[in-house]
Every structure is written in C-alpha cells, then in structure tokens.
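In: Just need the structure, nothing else, for what follows:
(one chain, ligands or ions: 1)
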Amino acid sequence: MSKPINHDKHKGARSEFVAVAWLLSLGYEVFKNVSFHGDVDIIAWKDGTFEYFDIKTINNTTVRYSLLPSQLNRNVKVLGVNLVDNSCRIIEPSLKFMETVCIECKQSFKGRTFKHKYCGPKCVNIVNNRKIKIKQLQVMGNA
Ligand SMILES: [Zn+2]
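Out: Coordinates of the predicted model:
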C-alpha cells in the first residue's frame, strides 16, 4: 500500500496563490513578498491605494487572528484563505490594540492591551541582554 502524499507542506504557498487570484479577481494589482520573512505577504494596489496583507490558512472554525504590533503599525490586514473551498476573507485582528509607550525607548506604538511593554524585538533584546549581564555579574560576585 502506498503512503498518502502529504500536501500539507505546500499549504502556505497554496494559500498565498489562492489569495493572489482572489485579489486579482477583485481588480487589484498584486505584489508578492519573495522572502518568507517580513510583516507583509502580499501588497495589493487599487484606485491609488495600497493594501497590505498577512496571508493565513484558515478553516471553518477559525474566526480570529492577531497581528504583531509592527504589522498593525503598517496597517497590515489578515487575509484568511480556506483551502477546502478556496474562499478568502479579510479577518479583523482578534486582540484589542492600543497606543502604548515603550518602557525601554519611550516611543509610542500600537501594543496589545496589558501585554506589550516594548515596541518590538529590538527593545525586548536590549532588556533581555541587560538581565543576562546582571545575572552574570551576580554569578561573578558570588564566585
Ligand atoms: Zn522600544
């Protein structure tokens, strides 16, 4: 008996192309991020306006998704793709975000209520490195 072929590894790529086709059908010009990294998967342009999309594979039970603060700052929207019927829809981010001041660099950013204290990975790393240095100094002090 042959093993069933696992198409799951292509899920992300399939969703992106379904999303591209959907946006084209709505009259958008579509630009795709060639890297796996970054805040934006697809940029779509219509009537002089650019829209930024994060593409997510969704199923019927999926209702909500959250975005990174850096994505919210760029007005990125979640474009959910259901691969069962190849349907697409724009999904509102699940979490409430609010304008917050980073406690490290004092810059304002859109943070997740109660949870985000820092504007992004850069400031989180600064704080973590400081904690590590303090620990190292404590260890050296105790030696
Ligand atoms: Zn910061």
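In: Tell me where the longest helix sits in the chain.
Out: Counting residues, the longest helix found in the chain (DSSP state H) is helix 121-142.
In: Now it: buried residues?
Out: Neighbour counts using 16 or more other CB atoms under 10 Å place C123 of helix 121-142 among the buried residues. For glycine as for every other residue, the C-beta is placed from the backbone atoms N, C-alpha and C.
In: which outside residues touch that helix?
Out: C102, E104, C105, Y118 (CB atoms under 8 Å, 6 or more residues apart in numbering).
In: Tell me which two in the residues you listed are the farthest apart.
Out: C105 and Y118 (8.1 Å; CB to CB).
In: Looking at the two, which is more packed in?
Out: Comparing C105 with Y118 by neighbour count (other CB atoms under 10 Å), the higher total belongs to Y118, at 20 against 14.
In: My reading is that the more buried one lies in a strand. Confirm?
Out: No. Going by DSSP: H, G, I helix; E, B strand; the rest coil, the assignment for Y118 is coil, not a strand.
In: I'd assumed K106 was in contact with it.
Out: No. Counting by CB atoms under 8 Å, Y118 stays clear of K106, with 11.0 Å between them.
In: Contact partners for L23?
Out: L23 makes contact with V30, I42, A44, F53, L79, according to CB under 8 Å, 6+ apart.
In: and the gap between it and the ion?
Out: 33 Å (CB to the ion, to the nearest Å).
In: Over to that residue. Which of the three states is it?
Out: helix.
In: Pull up the per-residue confidence for K11.
Out: In this model, K11 is scored at 89, pLDDT.
In: likewise E29?
Out: On pLDDT, E29 comes in at 98.
In: Give me the contact list for the longest strand along the chain.
Out: The residue-count maximum for a strand in the chain (DSSP state E) belongs to strand 49-58. Residues outside strand 49-58 that contact it (CB under 8 Å, 6+ apart): 11-12, 14-16, 19, 23, 28, 39-45, 62, 65, 67, 71, 74-83, 91.
In: which element follows that strand toward the C-terminus?
Out: helix 69-73 (DSSP states H and E).
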